[in-house]
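[1] This is a predicted model, with the sequence first.
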Amino acid sequence: MAEEVKLFKTWSSRFSLRVVWAFKIKGIDYESIDEDLSNKSDLLLHYNPVYKKVPVLVHNGNPISESTVILEYIDDTWKQNPLLPEDPVERARQRFWAKFNEENLLPTIWAIFTTEGKDLEEAMAAWVENLKFVEEELKGKKLFGGEKLGVADLVFGWLANLIGIFEEVSGLKIVDERYPLLLTWMQVFSELPVIKETWPPHDKMITKYQALYEKYHPAK
Amino acid sequence: MADSNVKVLGTWASPFVMRVRIALHLKSVGYEYVEENLLEAKSELLLKSNPVHKKVPVLIHGDKPVCESLIIVQYIDEVWTSAPSILPSDPYDRAESRFWAAYVNDKFFPALRRVLISTEEARKVAMAEILEGVVLLEEAFKKLSKGKAFFGGDNLGYVDLAVGSLLAWIKVIEKFTETEALSEAKTPSLAAWADCFSSHAAVKDVFPDVDKLVDFGMKLRAKFSKAATAAAATTTN
């Protein structure tokens, strides 16, 4: 039976990449539709009228938006290589840390990237507080998912690629030697076969984020 | 009778705490409720159980704490598997439920909060977002309820808890702004649903008194306005 599995994404979206990883982990074939966010397709706007964003998964005509909602949908629908374990305590733990990434890490990294002076100092202070908790959480674990890759790893995955890019572009040290467990995780995650060749092209990312950085830090 | 194996740390005014309590009531799970005093220092137990956010609600099951209201609701649904199910069983229905609950948390609730604590201009913008939001939720209700009384169909479901827990606060901001957000004219399905929700057996004992909540809301507003003014004063140089 022909199954429609379509993923609306962009070449650089860290949120879309989570869905790509989930498909790779489960061995699911899908059709990729790359969007130009400055000129969104009618289909994208039709499938995600509330947010008008990527990623959007369309499965047999049914659209699903919001990357963490999509990840749970994928896990509910395709049972092989589960992204969440059976144990409710463990499921709650990974969901908690996924939420922490979305609501704490991501806004803070954006503040670090886009601000200067006192605002940057405050953002860095918040970031340090956040990383302390993340480092603590990794104690005794190989991955955020424990022994196996889990939803939490996919949600944190952006760190393994974007921190290096942000550091190169901004000249700031964002994850330093105070966080050995996190640094190790970033390396281990990047080396995993399902992750290894999925990063967007490095040069293209540097160009993109260099331009963005200059927009927020105009030369005086 | 309280089951000493399950504790909920909460406050009477918190919609997030309400979600957790309704979920436990739906599953007929007894629990000990511990009211944190919002005006005093946070308890040792709270700080120990939720060291990252130091917030309520926290569910403590045995010795394991679970934090974040919607995560707790899912936990409750997964541990106590007797009917009724809070999340639907079909994966696509589940995804829709998760999407709308996330919308409430990520967009609707922050707008509610901004209406309460902002100065006039920002408040108008936030109220406009609320009025757009209820239209979206009216459409979502029609789709998810499939003609039944609740977002969850015949029974209270995930989205009912996500949205319904905010009803008392919606009433507070309606009074504050002298604007109707939910009405029979503009949001007939939601208006009818709101009555069904607030009178449901699992809800009515934890639905806060709106007048009491208005008083509390005004105190919160004063507290955050002062903080905002103080912050502005220290950053103008």
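    The structure has been received and is ready for your questions.
[2] Flag every residue of chain A that's near chain B.
    A:50, A:59, A:62, A:64-66, A:68-70, A:72-73, A:76-77, A:88-89, A:91-92, A:95-96, A:99-100, A:118, A:133 (C-beta under 8 Å from any C-beta of the partner chain). Glycine gets a C-beta too; all of them are placed from N, C-alpha and C.
[3] If we use 6 Å, what do you get?
    Counting by C-beta under 6 Å from any C-beta of the partner chain, chain A comes close to chain B at A:62, A:64, A:66, A:69, A:73, A:76-77, A:88-89, A:92, A:95-96, A:99, A:133.
[4] tell me which element residue 212 is part of?
    Chain wasn't specified; assuming chain A. helix A:202-216 (DSSP states H and E).
[5] was after chain B, sorry
    Under the criterion of DSSP H and E, B:Lys212 resides in helix B:210-235.
[6] tell me the phi and psi of A:Tyr73?
    The phi and psi values for A:Tyr73, taken as degrees, to the nearest 10, are phi -60, psi -50.
[7] quick one, strands of chain B?
    With strands called from DSSP state E, chain B shows them at B:6-10, B:32-35, B:58-61, B:64-67.
[8] out of these, nearest to chain A?
    Proximity to chain A (C-beta to the nearest C-beta) singles out strand B:64-67 among the strands of chain B, at 4.8 Å.
[9] Each with direction, which strands does that closest one pair with?
    strand B:58-61 (antiparallel) (DSSP bridges).
[10] Give me the helix or strand of chain B that scores worst on average pLDDT.
    helix B:210-235 (a mean of 81; mean pLDDT, DSSP states H and E).
[11] Next up, the contacts around B:Ile72.
    Listed by C-beta atoms under 6 Å, 6 or more residues apart in numbering or on different chains, the contact partners of B:Ile72 are B:20, B:59, B:66.
[12] Select from those residues the one having the most neighbours.
    Neighbour tally across the contacts of B:Ile72 (other C-beta atoms under 10 Å in any protein chain shown): the maximum, 31 neighbours, falls on B:Val20.
[13] Contact partners for that residue?
    Taking C-beta under 6 Å, 6+ apart, we find B:Val20 in contact with B:8, B:57, B:59, B:69, B:72.
[14] same thing but at 8 Å, please
    B:Val20 sits next to B:8, B:10, B:57, B:59, B:69, B:72-73, B:76 when contact means C-beta atoms under 8 Å, 6 or more residues apart in numbering or on different chains.
[15] Please apply the same query to B:Leu24.
    With contact set as C-beta under 8 Å, 6+ apart, B:Leu24 has these partners: B:6, B:8, B:31, B:76.
[16] any idea which of the contacts of B:Ile72 is the one closest to A:Thr114?
    B:Val66 (34.1 Å; C-beta to C-beta).
[17] Surely the closest one is in contact with B:Asn50?
    No - applying C-beta atoms under 8 Å as the test, B:Val66 and B:Asn50 come out as separate, 9.5 Å apart.
[18] chain center to stretch B:177-186, what's the gap?
    19 Å (C-alpha atoms, centre = their mean, to the nearest Å).
[19] what about it, average pLDDT?
    For stretch B:177-186, the mean pLDDT works out to 96.
[20] picking up where we left off before, in PyMOL, how would I select the buried members of the residues of chain A next to chain B?
    Typed into PyMOL, the line below selects the buried ones among the residues of chain A next to chain B, using 16 or more other C-beta atoms under 10 Å in any protein chain shown:
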select buried, chain A and resi 64+66+69+73+76+77+88+92+95+96+99
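[21] With pLDDT and secondary structure as new columns, can the residues of chain A next to chain B be given to me in JSON lines?
    Shown next, in JSON lines, are the residues of chain A next to chain B (pLDDT from 0 to 100; DSSP: H, G, I helix; E, B strand; the rest coil):
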{"residue": "A:Asn62", "pLDDT": "98", "secondary structure": "strand"}
{"residue": "A:Ile64", "pLDDT": "98", "secondary structure": "strand"}
{"residue": "A:Glu66", "pLDDT": "98", "secondary structure": "coil"}
{"residue": "A:Val69", "pLDDT": "98", "secondary structure": "helix"}
{"residue": "A:Tyr73", "pLDDT": "98", "secondary structure": "helix"}
{"residue": "A:Asp76", "pLDDT": "98", "secondary structure": "helix"}
{"residue": "A:Thr77", "pLDDT": "98", "secondary structure": "helix"}
{"residue": "A:Pro88", "pLDDT": "98", "secondary structure": "helix"}
{"residue": "A:Val89", "pLDDT": "98", "secondary structure": "helix"}
{"residue": "A:Ala92", "pLDDT": "98", "secondary structure": "helix"}
{"residue": "A:Arg95", "pLDDT": "98", "secondary structure": "helix"}
{"residue": "A:Phe96", "pLDDT": "98", "secondary structure": "helix"}
{"residue": "A:Lys99", "pLDDT": "98", "secondary structure": "helix"}
{"residue": "A:Phe133", "pLDDT": "98", "secondary structure": "helix"}
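[22] Just flag the most distant two among the residues of chain A next to chain B.
    Across the residues of chain A next to chain B (C-beta to C-beta), the longest gap, 36.3 Å, separates A:Asn62 and A:Phe133.
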